[in-house]
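> need coordinates for the following:
(one chain, ligands or ions: 1)
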Amino acid sequence: MKKILVTRNLLPENEERVKKLFDAKLNKADNILSAEELINQSKDCDGILCIGGNKFDKAIIDQLSSSVKIIANYAVGYNNVDVDAAKQKGIVVTNTPEVLTDATADISILLLLGASRRAYEGRKHAETQSWNWSTNFLMGKQMSNKKLGILGMGRIGRAVAQRARGFGMEIHYHNRSKLSPDLELGATYHDNIKSLFSQSDFLSINCPATAETTNLLNEETINFLPDKAVVANAARGDIIDDAAMIKAMKSGKIFALGLDVYNGEPKINEEYLQLDNLFLLPHLGSSTKRTRIDMGDRAIDNLETFFSGKTPLDKVN
Ligand code: 8YV
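Model prediction:
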């Protein structure tokens, strides 16, 4: 039986399965293992099932035991793993796409709505039980008949588009390449950021975190957006330059921001926390029972396929 280090608790359904198929080394403390712990605890293992919060940079990968042949990431994003360093060492890396598309797209819409309709301020006023209704009380921005820019039109971006059409929004997007008409479904393609941003009354960030997308929203590009734009990020914190965004939120250039992901999470830039025009969640994108079970199954499927001598469905390197 192959031995697998499982770095965090899985849901019981997944844990049962991983224990049946493998000699599973569980982390009952369910904490984030340090670099040293990841290296030491996987010494006698054939593979690792980890989460997005486990960082496998080149230094760690180089120190992993040569017995480790696969890192199965329990996440669609895999910016936590240096996939090139893994490849050099002969380690296969897999992710869990598709199964979390709907859950994450739902959260993107929640962020757009929560930010544009001032849900955070609303909650604070409701808690007083003595708010003063008036015709201009906590007026938000309406999504219908507005243009939604989607940065990253992969599975999640397209699921956001599908939902936003139901809100009466006009869809614009930027992607590495233009989609075929059956995937585009009438959305307008922009081959550069400036063109997309200048049309985006609302902007939803749904692209992967890569060297090219780091700080893609910065002082210069935020200014391409129309005044009083609403931005939502359900992808990765690295895509926003926080200092530039905070400045734009304070000046009113950005009407409101919705965030589920952060640079250095779970830490959040303190200045964000002083702002009322921020609607924030603690990285809940994939957090529904159905989705989390499916993510676990997908990661376990990848391990099973790999150890049966075949190429796992979700190999990324
Ligand atoms: C995870 C995610 O909750 O899949 C992703 O990329 O960000 C989330 O679904 C997180 O990465 C833990 O693995």
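> and the helices in the stretch 51-200 of the chain, which stretches?
For the stretch 51-200 of the chain, the helices identified by DSSP state H, counting those that start in this stretch occupy 58-63, 83-88, 101-116, 119-128, 155-166, 181-184, 193-199, in order along the chain.
> can you say which of those helices is packed in most?
Across the helices of the stretch 51-200 of the chain, averaging neighbours per residue (mean count of other Cβ atoms under 10 Å) puts helix 101-116 on top, at a mean of 23. All C-beta atoms are positioned from the backbone trio N, CA, C, and that covers glycine.
> so which elements touch it?
Helices and strands touching helix 101-116, as assessed by 3 or more Cβ pairs under 8 Å, 6 or more residues apart in numbering; DSSP states H and E, comprise helix 155-166, strand 202-205, strand 229-233, strand 254-259, strand 278-280, helix 289-307.
> could you rerun that using 10 Å?
Contacts of helix 101-116 with other secondary structure elements, assessed using 3 or more Cβ pairs under 10 Å, 6 or more residues apart in numbering; DSSP states H and E, are made with helix 119-128, strand 147-151, helix 155-166, strand 202-205, strand 229-233, strand 254-259, strand 278-280, helix 289-307.
> could I get the ones you listed as TSV with distance to the ligand and mean pLDDT?
TSV is the format used below for the helices and strands packed on helix 101-116 (distance: least, Cβ to the nearest ligand atom, whole Å; pLDDT from 0 to 100):
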stretch	distance to the ligand	mean pLDDT
helix 119-128	22	97
strand 147-151	16	99
helix 155-166	9	98
strand 202-205	13	99
strand 229-233	12	99
strand 254-259	13	98
strand 278-280	15	98
helix 289-307	7	98
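> can I get the ones you listed in TSV with distance to residue 65?
Listed next are those as TSV, based on distance: least, Cβ to Cβ, whole Å:
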stretch	distance to residue 65
helix 119-128	47
strand 147-151	39
helix 155-166	34
strand 202-205	37
strand 229-233	37
strand 254-259	38
strand 278-280	39
helix 289-307	16
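> and those: which comes nearest residue 78?
Nearest to residue 78 among the helices and strands packed on helix 101-116 is helix 289-307; the distance by Cβ to Cβ comes to 11.6 Å.
> list the buried residues of that closest one.
By neighbour count on 16 or more other Cβ atoms under 10 Å, the buried set for helix 289-307 is 291-307.
> stretch 200-211 now?
Of the residues in stretch 200-211, those buried by neighbour count under the rule 16+ other Cβ under 10 Å are 200-209.
> now do the same end-to-end measure for that stretch.
Separation of the first and last residues of stretch 200-211 by Cα to Cα, to the nearest Å is 24 Å.
> check stretch 7-14 too.
13 Å.
> wait, what's in contact with residue 164?
Contacts for residue 164 (Cβ atoms under 10 Å, 6 or more residues apart in numbering) come out as 105, 108-109, 112, 143-144, 146-148, 150, 170-171, 187, 202, 204.
> mind redoing it with 8 Å?
Residue 164 makes contact with 109, 112, 143, 148, 171, 204, according to Cβ atoms under 8 Å, 6 or more residues apart in numbering.
> for the fourth one, grab the count of nearby residues.
By the other Cβ atoms under 10 Å criterion, the neighbourhood of residue 148 contains 28 residues.
> and it, how far from residue 35?
Spatial separation of residue 148 from residue 35 under the definition Cβ to Cβ, to the nearest Å is 40 Å.
> tell me if the strand or helix carrying residue 18 is near the ligand.
Element membership of residue 18 [criterion: DSSP states H and E] is helix 12-21. No: where contact is defined by Cβ under 6 Å from any ligand atom, no part of helix 12-21 touches the ligand; the two come within 12.7 Å at best.
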